[in-house]
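**Q** Following is a predicted model, sequence given first.
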Amino acid sequence: MASSAASSHVNALENKHAGLEAKLREEMARPAPDTATIQILKKKKLRLKEEIERA
């Protein structure tokens, strides 16, 4: 049961990570990307990746 919950948590984190990746690609594809937004998205992605690795 615990591993199922952990697996579900990791899946949720991976989905959030993928969403941030999509937002990041979208921002970088703009004619004038906002570098501050890009930095924020990259930091959030990194935090999620680290949390996934710990799970």
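**A** Cool, got the structure. Residues are numbered from 1 along each chain as shown.

**Q** can we go C-alpha only for contacts and neighbour counts from here?
**A** OK.

**Q** Tell me which helix or strand Leu48 sits in.
**A** Assessed by DSSP states H and E, Leu48 sits inside helix 35-54.

**Q** Please spell out which residues along that helix are buried.
**A** For helix 35-54, the neighbour count (16 or more other CA atoms under 10 Å) marks 38, 41-42, 44-45, 48-49, 52 as buried.

**Q** same question, stretch 17-37
**A** 17, 20-21, 24, 27.

**Q** could you dump it to CSV, C-alpha only?
**A** What follows is stretch 17-37, C-alpha atoms only, in CSV (Å, rounded to 0.1, in the frame of the first residue of the first chain):
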residue,chain,number,x,y,z
HIS,A,17,7.6,18.4,-14.1
ALA,A,18,6.3,17.7,-17.6
GLY,A,19,3.9,20.7,-17.3
LEU,A,20,6.7,23.0,-16.3
GLU,A,21,8.8,21.7,-19.2
ALA,A,22,5.9,22.5,-21.6
LYS,A,23,5.6,26.0,-20.2
LEU,A,24,9.3,26.5,-20.5
ARG,A,25,9.4,25.4,-24.1
GLU,A,26,6.4,27.7,-24.8
GLU,A,27,8.1,30.7,-23.2
MET,A,28,11.4,30.0,-25.0
ALA,A,29,9.6,29.8,-28.3
ARG,A,30,8.2,33.3,-28.0
PRO,A,31,9.7,36.1,-30.1
ALA,A,32,10.9,37.9,-26.9
PRO,A,33,11.1,35.3,-24.1
ASP,A,34,10.9,36.6,-20.5
THR,A,35,14.2,35.5,-19.0
ALA,A,36,12.9,36.0,-15.4
THR,A,37,10.0,33.6,-16.2
